[in-house]
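*Asks:* next input, structure requested:
(one chain, ligands or ions: 1)
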Amino acid sequence: MRLENYHAVVTGGARGLGAAAAKRFVAEGARVVVADIDGEAAAACAREIDSTGTLARGLACDIASADECAALAAEAEEFFGAPIDIFLAHAGMGFAGPLADADPERIRRVIEVNVLGTLYSAQAALRSLVRSPRASLIFTSSLQGVTARAERSVYTASKHAIVGLTKALALEYGPRGVRVNAIAPASTDTPFLRTQLEVAGATDVEQAVRNVAASMPLGWLPTPEDFADAAVFLASTEARSITGHNLLLDSGASAGIFKR
Ligand SMILES: NC(=O)c1ccc[n+]([C@@H]2O[C@H](COP(=O)([O-])OP(=O)(O)OC[C@H]3O[C@@H](n4cnc5c(N)ncnc54)[C@H](O)[C@@H]3O)[C@@H](O)[C@H]2O)c1
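*Replies:* Predicted structure coming up:
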């Protein structure tokens, strides 16, 4: 129970890595708001975590809207009856393919969600977090926040922005008691990864997932549970002196050039 009586919000929490973190937060003693652009999926996820509705609530929120982010923070405070202690700004979307061929509308939406949406989430979260005595803002960046990848240009740019934001806000809000960190997963086996592989042209997605795993020094992909472990660690007092850090969860992929 490393998060006993903490109040946590997870954006993009209805499935994948966000859902794993939301579940683990509650298992560690927290109450949680699961926020997602898909409000029904967020509500279903919250019910799955706690059918009584006491420990978990699902809310609809498109992080690309500053107003919806502000409403999310207000509704979360109302549910908790207290300020937010942990805000996991996790929601994001992918981009794959050559930039020259990309639909400008797709480019705009990826930047709108991953960069503007993350900024709006952070802004709304910080207004509450500054009133918590154990505040932790955690972003989900990516391996593509530190190393680039061909045919992921817009995504890479957006995730580099999040790593910069982590450092800037750690400096800005450290004196006000808010720790700001990021988790940078490499490819993790979620619907997000499978969609990216399909968009990139994989015909056998299972084989493509196995190929990605084989390309990692450890030989396996990080799991959603690994991600939840990292989120609990960064939110807990075990990380009380850690801020401005981008925690690579990448099975060694960023360590250097690896060939089996
Ligand atoms: N899975 C991976 O391999 C991987 C690797 C590195 C980073 N990430 C990052 O993790 C995050 C999501 O990954 P996942 O694997 O959990 O994905 P996922 O597709 O399983 O889940 C993403 C969730 O975010 C929600 N969402 C999308 N746009 C939203 C918006 N505008 N507002 C609110 N919610 C929104 C979706 O409805 C979905 O429930 C992204 O930030 C992504 O960049 C994922």
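*Asks:* tell me the contacts of the closest residue to Ala89 other than its chain neighbours?
*Replies:* Nearest residue to Ala89 in three dimensions, chain neighbours excluded: Ser121, at 4.3 Å (C-beta to C-beta, 6 or more residues apart in numbering). For the C-beta atoms, the positions are set from N, CA and C on the backbone; glycine is no exception. Taking C-beta atoms under 8 Å, 6 or more residues apart in numbering as the criterion, Ser121 is in contact with 11, 63, 69, 87, 89, 91.
*Asks:* tell me the confidence at the nearest residue to the last one once chain neighbours are set aside?
*Replies:* Just to be clear, that refers to Ala91. In space, and not counting its chain neighbours, Ala91 is closest to Gly12: 2.9 Å by C-beta to C-beta, 6+ apart. Predicted confidence (pLDDT) for Gly12: 98.
*Asks:* again, but for the one 4 residues further on
*Replies:* On the pLDDT scale, Gly16 is placed at 94.
*Asks:* same deal with Ala96?
*Replies:* For Ala96, pLDDT reads 89.
*Asks:* dump the residue contacts of the residue nearest to Ala91.
*Replies:* Gly12 makes contact with 18, 35-37, 63, 90-92, 140, according to C-beta under 8 Å, 6+ apart.
*Asks:* one more time with 7 Å
*Replies:* Contacts for Gly12 (C-beta atoms under 7 Å, 6 or more residues apart in numbering) come out as 18, 36, 90-92.
*Asks:* which ones among these lie within helices?
*Replies:* Gly18 (DSSP state H).
*Asks:* of the contacts of Gly12, which is the nearest to the ligand?
*Replies:* Distance ranking of those against the ligand, using C-beta to the nearest ligand atom, places Gly92 first at 2.3 Å.
*Asks:* how much space is there between that closest one and Asn5?
*Replies:* Distance, Gly92 to Asn5, by C-beta to C-beta, to the nearest Å: 29 Å.
*Asks:* pick out whichever of the two has more residues nearby.
*Replies:* For the pair Gly92 and Asn5, the greater number of neighbours falls to Gly92 (25 against 12), based on other C-beta atoms under 10 Å.
*Asks:* my guess is that one contacts Val115. True?
*Replies:* No: the pair Gly92 / Val115 is not scored as a contact, 9.5 Å apart, by C-beta atoms under 7 Å.
*Asks:* report the central residue of this protein.
*Replies:* Within the chain, one residue has its C-alpha closest to the average C-alpha position: by C-alpha atoms, centre = their mean, that is His90, at 2.1 Å.
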